[in-house]
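In: Give the three-dimensional model of this entry:
(one chain, ligands or ions: 1)
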Amino acid sequence: MSEDRFAFIIHPIDVRRDVSRKYPALRHLPTWLIELLSIFCPPLYISKISGVRSNANGRELEGWFVACPLSARLMLSLPPEFVFRKIIQSGRLAERLGARILGLGAFTSVVGDGGISIARALSIPVTTGNSYTVAITMHAVRHAARHLKVDLHEATVAVVGASGSIGSVCASLLAPDAKRLILVGRNEHALQRVAELSRQAGAADVQTNTEVASVRQAQIVISATNALQAVLRSEDLHPGAIICDVARPCDVARQVSEDRPDVVFIEGGVVEVPGDVDFGFDFGAPPGMAYACMAETMALALEGRYESFTLGKRLEPAQVAAIDKIAARHGFKLGGLRNLQQTVSGSEFAAGAAGASPGRQHEKVAVGAADYILES
Ligand SMILES: NC(=O)c1ccc[n+]([C@@H]2O[C@H](COP(=O)([O-])OP(=O)(O)OC[C@H]3O[C@@H](n4cnc5c(N)ncnc54)[C@H](OP(=O)(O)O)[C@@H]3O)[C@@H](O)[C@H]2O)c1
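Out: Predicted structure coming up:
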């Protein structure tokens, strides 16, 4: 057994799709029945993860996926005590497997207090992965803007879900560079607090808005809500906009990919993992790739930092910078820019660029694997 061991909790987001990845026979059942059964189902061992190896110190990890059987919808609608109990039971399974650190996937960190209560109930450290998710989102947005020759200093940037854990720190980190920031959310009071933090971080022009339609003014959009349904539709988007969708389930409606070929989507938070990783389970990312929240857990284990690195709803930019450095040292990289399960092609970039500033000449941008090396 390796000395460096981690576990990561996953759970169904698209119920039939995700549950049938482990139990194909269940795809014939209606969603409501799978959800009903899941309420009585204990946490599940999903797979063993091997082959994650540090480029810096050669340490190799052993890990496990464990599943909290509740869907995102159930996590938001069942009594919080019940949901916490299920997540804590999943954490105990990870402890019994031998994990020394636990990562919280998707809504297991969204519900409640961002992992604080869960960490208190367990004897191993817990991390939400949100710090590295923000770091990799920043790399993806800056990378795409550079390739499309969209100057951030001349651009309007919208952050949807701006009062959330990920959205608020994305706003602060973009504040010094964007010409104008539009913070979009449902609660004006919470948005004002984020606007103030953005001004302190150097934003010259910050606006708040509770209408998603305000996104239409933005050339760059980061979306990180905890909504169960898509919030961004074709008519909400600026011509040629670059959209980084961090949310799981996604915030951008599927229809947009058909209606708006001018728009460049990036599936946020996809990371290339160092070594020759075998996750033992298809959770939806391409081979060798993980989501940034998983990568944060792995990077901390490779670093030997068995601590609750990201907990709670409030992130600090310094945490984001710290985990970005740690992850880059061990060899984690931005995993290409993916558009609804596919790598974004050169022509999509060119089309997006042309739409972003009509009339301007753009070089056709070649987007190959080599373009995705992180600049650390
Ligand atoms: N890709 C990855 O690796 C990765 C990693 C971690 C998390 N995630 C995903 O990222 C998303 C955000 O996570 P988080 O931890 O930042 O969640 P969070 O702290 O709960 O924040 C979500 C925010 O979205 C806002 N919101 C909800 N519905 C909205 C709507 N219709 N319009 C505008 N704003 C809305 C909420 O506002 P109210 O407070 O007013 O409800 C809240 O402030 C989740 O979907 C999560 O699964 C992805």
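
In: Can you report how many residues lie near residue 239?
Out: Residue 239 is flanked by 15 other residues according to other CB atoms under 10 Å. The C-beta positions use only the backbone N, C-alpha and C, and glycine is treated the same way.

In: Quick check: it touching residue 262?
Out: Yes - using CB atoms under 8 Å, residue 239 is in contact with residue 262, at 5.5 Å.

In: model confidence over the helix or strand hosting residue 300, on average?
Out: For residue 300, the host element (DSSP states H and E) is helix 292-303. Helix 292-303 comes out with an average pLDDT of 98.

In: Give me the helices and strands touching it, please.
Out: strand 5-10, strand 101-104, strand 126-127, helix 130-147, strand 270-272, helix 317-330 (3 or more CB pairs under 8 Å, 6 or more residues apart in numbering; DSSP states H and E).

In: now the ones you listed in CSV, with mean neighbour count?
Out: Shown next, in CSV, are the helices and strands packed on helix 292-303 (neighbours: other CB atoms under 10 Å):
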stretch, mean neighbour count
strand 5-10, 27
strand 101-104, 29
strand 126-127, 28
helix 130-147, 25
strand 270-272, 24
helix 317-330, 20
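
In: and the ligand, which of the ones you listed is closest to it?
Out: Closest to the ligand of the helices and strands packed on helix 292-303 is helix 130-147 (CB to the nearest ligand atom; 3.9 Å).

In: Identify all contacting residues around stretch 39-54.
Out: Residues outside stretch 39-54 that contact it (CB atoms under 8 Å, 6 or more residues apart in numbering) are 8, 10, 22, 59-70, 74, 78, 86, 89-90, 92-93, 97, 273-281, 298, 302, 330-331.

In: Name the nearest residue to the residue of the stretch 51-200 of the chain at minimum distance from the ligand, sequence neighbours excluded.
Out: The nearest approach of the stretch 51-200 of the chain to the ligand comes at residue 164, 2.0 Å away (CB to the nearest ligand atom). In space, and not counting its chain neighbours, residue 164 is closest to residue 224: 5.9 Å by CB to CB, 6 or more residues apart in numbering.

In: Near the ligand, which residues of the stretch 201-350 of the chain are found?
Out: Near the ligand, the residues belonging to the stretch 201-350 of the chain are 212, 224-227, 231, 246-248, 268-269, 291-293, 313 when assessed by CB under 6 Å from any ligand atom.

In: and residue 114, what is it in contact with?
Out: For residue 114, the contact set (CB under 8 Å, 6+ apart) comprises 128, 130, 165, 311-313.

In: could the residues you listed go into JSON lines alongside pLDDT?
Out: As requested, these are exported to JSON lines (pLDDT from 0 to 100):
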{"residue": "128", "pLDDT": "97"}
{"residue": "130", "pLDDT": "97"}
{"residue": "165", "pLDDT": "97"}
{"residue": "311", "pLDDT": "97"}
{"residue": "312", "pLDDT": "96"}
{"residue": "313", "pLDDT": "94"}
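
In: So which of the residues you listed is surrounded by the most neighbours?
Out: Among the contacts of residue 114, the one with the most neighbours (other CB under 10 Å) is residue 130, at 32 neighbours.

In: Am I right that that one is in contact with residue 291?
Out: No - using CB under 8 Å, residue 130 is not in contact with residue 291, being 11.3 Å away.

In: that older thread, out of the residues of the stretch 201-350 of the chain next to the ligand, which comes closest to residue 37?
Out: residue 248 (22.3 Å; CB to CB).

In: Specify the local secondary structure of the closest one.
Out: For residue 248, the assignment made with DSSP: H, G, I helix; E, B strand; the rest coil gives coil.

In: What does the residue lying closest to it once chain neighbours are set aside show for phi and psi?
Out: Excluding its sequence neighbours, the residue lying closest to residue 248 (CB to CB, 6+ apart) is residue 106, at 4.9 Å. When read as degrees, to the nearest 10, the backbone of residue 106 gives phi 40, psi -120.

In: Report the closest residue of the stretch 251-376 of the chain relative to the ligand.
Out: residue 269 (2.7 Å).

In: show me what contacts that residue?
Out: Contact analysis of residue 269 by CB under 8 Å, 6+ apart lists 133, 136-137, 246, 291-293.

In: Only alpha carbons, please: show the one helix or strand residue 39 maps to as CSV.
Out: Taking DSSP H and E as the criterion, residue 39 maps to helix 31-40. This file holds the C-alpha atoms of helix 31-40, laid out as CSV (Å, rounded to 0.1, in the frame of the first residue of the first chain):
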residue,chain,number,x,y,z
THR,A,31,-35.3,8.7,-12.5
TRP,A,32,-37.9,9.0,-9.7
LEU,A,33,-37.5,5.4,-8.8
ILE,A,34,-33.7,5.5,-8.9
GLU,A,35,-33.8,8.5,-6.6
LEU,A,36,-36.3,6.8,-4.2
LEU,A,37,-34.0,3.7,-4.0
SER,A,38,-31.0,5.9,-3.5
ILE,A,39,-32.4,7.4,-0.3
PHE,A,40,-32.1,3.9,1.3
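
In: Noted, bye for now.
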